[in-house]
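[1] My questions concern the predicted model and sequence given below.
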Amino acid sequence: MGYDGTRIYYKSKKNQLVRAFEKVDESDITANNKKLIKEFSTNLLSRGRSEQRVSKLIHQVKVLAEVAENDLDQLNKRDIERILCYIEQQNKHSATTKADYKRALKQFYKWLEEDDDRLFKAEELERIRLTRFYQYIKKIEKKEQIIQIDPTTILTEKDIDKVVEATPNYKEKAMIKFLHESGARVGELLNMKVKDIDFKGMNANIILDGKTGKRKITCVTSVPYLVRYLEIHPFKDNPNSYFWLGENTRMMHKPIRYIGAKKIIAKCFKKANVSKRHNPHWFRHSRASLLAPEFPEVMLCSYMGWTLGSKQVRRYVHLSNKQLEQAYMKMYGLQDEKEVRNLPLKCGCGVINEKSSRYCHQCSRPLNVHVALQDEEKKSIEMDKSIKFLMEIMQDPELYKKFQEFKDQI
């Protein structure tokens, strides 16, 4: 039986948590540190932390143990200072990544303190040292600077339309358009199944399943592209099939992975000669920034899959001067009328078409009056040319004779 699109077909891909434990076992850290990391991870899992989050913490604490070169439960203040110095000197890491390592350090030692019997059983001087040590850990500053991004670098609908127009492949058109409209995490995008999309005429309700669980979002501008891609999907009648499937020889009809999605996006942007930043996560950042002036915080958090009050709102949202001006003008009732957005076009036959389409891809009817009038004008011109040509034939005996011979041959 051939592949049916329902299972990830990567034999070498292991469970993320299993790989994290394997890397701990293969590392050169002390046996005691390996034991502590595994006990720490067990505690995290027992409290409902996701495997993805636990895997990340395992890696981070392993790195800290490698830097410490000693048992983590035997370190002192100077050892921690050396670890913090190492974190700060990693120029390849962003401020956010550095803050993540500090957060992992604090989380590990918070857990260790809860079960540290030495706080009660050790000699008085050791108890005092440990108490001061844990207090020092708690005071470690883990705040990262919220870096303000130039709003001109955000991917706009105009940028995306240019990329989509230059892309001939409907799967790639659909992926680019949907990723930008939905602001989905790349994992949510690649986990989509055929059954997760429910078309509702001009819009579609789509279930995304990822980091923060399942949520339902509504899409409009990407609907025509999703419809066209689904029409050619090899397993469109199988609701459990993955939606985004590969087309090259090695990955034919198998779920696209992160690296594959990244290559598709890069290829499309290069073809369209759009030089803006375009990694998959930047699509999400751009969408959050575009929605911020339109959505209240509670709606924005719901759409983007954040918990209410999440710091992600501050991290992703960067208002442009134009957006600030619009908000201020609105306060005094002086805002300009909203421009009419270019929505998908619905044909009389019921099929949803791309906004740039002139004719319905299903029944070939013109999609607006302007196109219909242009067609009528062209038909009229062609008819005039035909009549003029026939009149010339009728008035020339030699041409008329040849015309009659041609008719007899037909």
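    Received, thanks. Bear in mind the structure is a predicted one, so any value in this text is a computation, not a measurement.

[2] quick one: low-confidence parts of the stretch 251-400 of the chain?
    Applying pLDDT under 70 to the stretch 251-400 of the chain flags residues 315-324, 328, 332, 334-343, 345-351, 353-377, 379-380, 384, 400.

[3] Now do the strands in it.
    Here the stretch 251-400 of the chain has its strands, by DSSP state E, counting those that start in this stretch, at 345-346, 352-353.

[4] What of the stretch 1-150 of the chain?
    Using DSSP E, counting those that start in this stretch, strands in the stretch 1-150 of the chain do not occur.

[5] which stretches of it form helices?
    Counting by DSSP state H, counting those that start in this stretch, the stretch 1-150 of the chain has helices at residues 16-26, 31-46, 51-68, 77-88, 95-114, 118-121, 124-138.

[6] Could you dump those helices into TSV and include mean pLDDT and distance to Lys388?
    Bear in mind the C-beta positions are built from the backbone N, C-alpha and C, glycine included. Formatted as TSV, the helices of the stretch 1-150 of the chain follow (pLDDT from 0 to 100; distance: least, C-beta to C-beta, whole Å):
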stretch	mean pLDDT	distance to Lys388
helix 16-26	90	74
helix 31-46	94	84
helix 51-68	92	73
helix 77-88	93	83
helix 95-114	92	73
helix 118-121	88	104
helix 124-138	91	93
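
[7] tell me the most buried of the ones you listed?
    Across the helices of the stretch 1-150 of the chain, averaging neighbours per residue (mean count of other C-beta atoms under 10 Å) puts helix 51-68 on top, at a mean of 19.

[8] Excluding chain neighbours, give the residue nearest to His278 in space.
    Spatially, and ignoring its direct neighbours in sequence, His278 is nearest to Phe269 (4.8 Å; C-beta to C-beta, 6 or more residues apart in numbering).

[9] related to what we said a few turns ago, just send the helices of the stretch 1-150 of the chain back as CSV, with distance to Glu181 too.
    Output for these, formatted as CSV (distance: least, C-beta to C-beta, whole Å):
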stretch, distance to Glu181
helix 16-26, 29
helix 31-46, 35
helix 51-68, 25
helix 77-88, 38
helix 95-114, 26
helix 118-121, 54
helix 124-138, 43
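
[10] among the ones you listed, which is nearest Lys211?
    helix 51-68 (6.9 Å; C-beta to C-beta).

[11] got the contact list for the closest one?
    15-17, 19-21, 23-24, 27-30, 33, 37, 40-41, 44-45, 49, 72, 75, 79, 82-83, 86, 100-101, 104-105, 107-108, 211 (C-beta atoms under 8 Å, 6 or more residues apart in numbering).

[12] Please consider this matter closed, and thank you.
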